[in-house]
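J.: Quick one, what's the 3D model for this:
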Amino acid sequence: MVHFKYLVLLLGMVYFNGTIEKEQVMPNKGKKTIVKKKDIVIYKNDNFYATFPSVIKNKEGKIVVAFRRAPDRKIFGENGNFHVDPNSYLVQVSSLDNGQTWTEEPELIYAHSFGGSQDPCLLQLSNGHILCTSYGWAYVRDDGVSKLEKPYSENKSGFIALGGYYLKSKDNGQSWNGPFYPPNIPTEVRKNALGAPLPSLNRGALWESEKGKIFWAVASSHDSIEIKRKSVHLLISKDQGVSWEYSCPIAKDDEVDFNETSIYETPKGDLVAFLRTANFEDEACIARSEDGGKTFKPWKGMGFKGHPLQAIRLEDQRVLLVYGYRHKPYGIRARILNPECTDFATAEEFVIREDGGSTDIGYPWAVSLDENRVLVTYYFNIDNGSRFIAGSILEIG
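T.: Residues are numbered from 1 along each chain as shown. Down below sits the predicted model:
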């Protein structure tokens with residue numbers, strides 16, 4: 001009998017949703033196999049620059065994808081787009097058939113009164129409520145910038161950080177209350193565009209524990225001279241997101257910077273932080289707490305490139321970790337980790353997509369559709385064209 005180290009990627013042809021698709025099979029050393037059933041377009045409109053999605057399955061069984069939408073500046077004759085815009089709003093689309101079809105026109109989640117909003121991060125709570133965290137940038141003219149209290153973060157000329165905020169929905173995302181503002185991290189040196197201490201902010205997945213605590217990893221600038229230097233810290237809510245308490249640093253280093261971080265709790269009760277880095281050759285990193293988030297052990301490199309990362313628990317307690325890959329070939333990748341996330345250095349990498357048109361892609365976020373299938377959402381472009389919200393439906397066996 002001939003033994004193969006890897007399965008052949010092309011298994012055959014399958015008829016799926018009215019189109020002929022190839023099934024892409026990715027092995028995991030005999031432990032798990034991912035079959036990519038299909039890539040889908042969730043939202044695309046050439047008049048808009050759609051980016052940074054997150055996804056949940058709400059208590060009604062509806063799949064909800066939130067993302068940041070701004071005008072595509074090319075419609076005004078401008079040369080291109082930035083990741084900040086005075087007209088970037090938080091919107092959502094949904095699917096009632098597990099991702100086969102989607103609402104065409106997005107519904108508004110929130111438009112901030114003082115600036116453009118970024119990266120809506122959804123968390124479905126056990127009590128049926130939904131949290132959505134975000135952060136904003138205010139456009140301030142030159143005569144106002146010169147009067148701002150320093151230090152402050154500026155992204156492109158005149159776009160000043162407003163800081164983080166969050167929204168709540170008690171009716172499955174039909175309406176939203178807020179904004180509510182988290183506390184300032186003790187080590188944070190920055191002021192926001194209004195001259196106040198910068199509210200905590202982050203792009204990344206929160207986690208609700210079985211005991212009802214909510215864990216939120218947030219980034220902080222701790223160097224008033226080099227304000228781009230960032231560390232990551234833990235906030236905890238014991239009342240379903242009504243209030244937040246500062247707990248401890250997650251990762252801080254004299255040379256490596258940390259930012260967009262997702263948090264995950266293992267069955268054993270460890271908290272695992274999946275960290276995006278800067279000044280570390282784009283390597284993903286991990287940090288672990290074994291005492292419920294009171295302290296974290298020293299961070300470690302995971303041995304592979306990719307960012308940002310997000311993790312979900314599979315039916316058999318293993319962990320699907322998804323991340324963007326902004327190196328040629330540009331795309332989306334994943335690994336299946338053991339339940340305690342200790343085999344990150346040896347877990348096999350699965351290529352979900354490698355047909356991206358530039359580095360301006362990624363930010364994947366996954367949700368389980370049923371016991372065998374997962375939807376991975378992300379933003380994408382083909383041949384450096386319009387940015388749109390896409391997804392891949394995976395079957396895990």
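J.: Every contact and neighbour count from this point should use C-alpha atoms.
T.: Will do.
J.: ok, which stretches of the stretch 51-200 of the chain are helices?
T.: Assigned by DSSP state H, counting those that start in this stretch, the helices in the stretch 51-200 of the chain fall at 142-145.
J.: Where does the prediction get shaky in it?
T.: The model of the stretch 51-200 of the chain has no residue with pLDDT under 70.
J.: in the stretch 101-250 of the chain, which spans are strands?
T.: 107-110, 116-124, 130-139, 159-169, 177-180, 207-208, 214-221, 230-237, 245-251 (DSSP state E, counting those that start in this stretch).
J.: For Y330, find the nearest of those.
T.: Minimum separation from Y330 across the strands of the stretch 101-250 of the chain (Cα to Cα) falls at strand 116-124, 20.6 Å.
J.: That closest one vs strand 159-169, what angle?
T.: 30 degrees (axes from the mean of the first three to the mean of the last three Cα atoms, to 10 degrees).
J.: Please identify the buried residues of strand 116-124?
T.: Within strand 116-124, the residues that qualify as buried are G116, S117, Q118, D119, P120, C121, L122, L123, Q124, counting by 16 or more other Cα atoms under 10 Å.
J.: ok, for F215, nearest residue in space, not its chain neighbours?
T.: Excluding the flanking residues, the one nearest F215 by Cα to Cα, 6 or more residues apart in numbering is I236, at 4.9 Å.
J.: And for the one you found, the neighbour number?
T.: A count of neighbours around I236, defined by other Cα atoms under 10 Å, yields 23.
J.: who does it bridge with?
T.: Assessed by DSSP bridges, I236 has beta-bridge partners F215, E245.
J.: contacting residues for it?
T.: K213, I214, F215, W216, W244, E245, Y246, S247 (Cα atoms under 8 Å, 6 or more residues apart in numbering).
J.: Just the buried residues of those residues.
T.: K213, I214, F215, W216, W244, Y246.
J.: still on that earlier bit, got the strands of the stretch 101-250 of the chain as a markdown table, with distance to F388 columns?
T.: Shown next, in a markdown table, are the strands of the stretch 101-250 of the chain (distance: least, Cα to Cα, whole Å):
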| stretch | distance to F388 |
| --- | --- |
| strand 107-110 | 16 |
| strand 116-124 | 14 |
| strand 130-139 | 19 |
| strand 159-169 | 23 |
| strand 177-180 | 26 |
| strand 207-208 | 27 |
| strand 214-221 | 26 |
| strand 230-237 | 29 |
| strand 245-251 | 32 |
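J.: So which of the ones you listed is nearest F304?
T.: Using Cα to Cα, the strands of the stretch 101-250 of the chain put strand 245-251 closest to F304, at 18.1 Å.
J.: what is the rounded mean pLDDT of that closest one?
T.: Across strand 245-251, pLDDT averages out at 98.
J.: Between strand 214-221 and the helix or strand that comes right after that strand, find me the angle.
T.: Using DSSP states H and E, the helix or strand that follows strand 245-251 in sequence is strand 257-265. Following the same axes, to 10 degrees, one obtains 180 degrees for the angle between strand 257-265 and strand 214-221.
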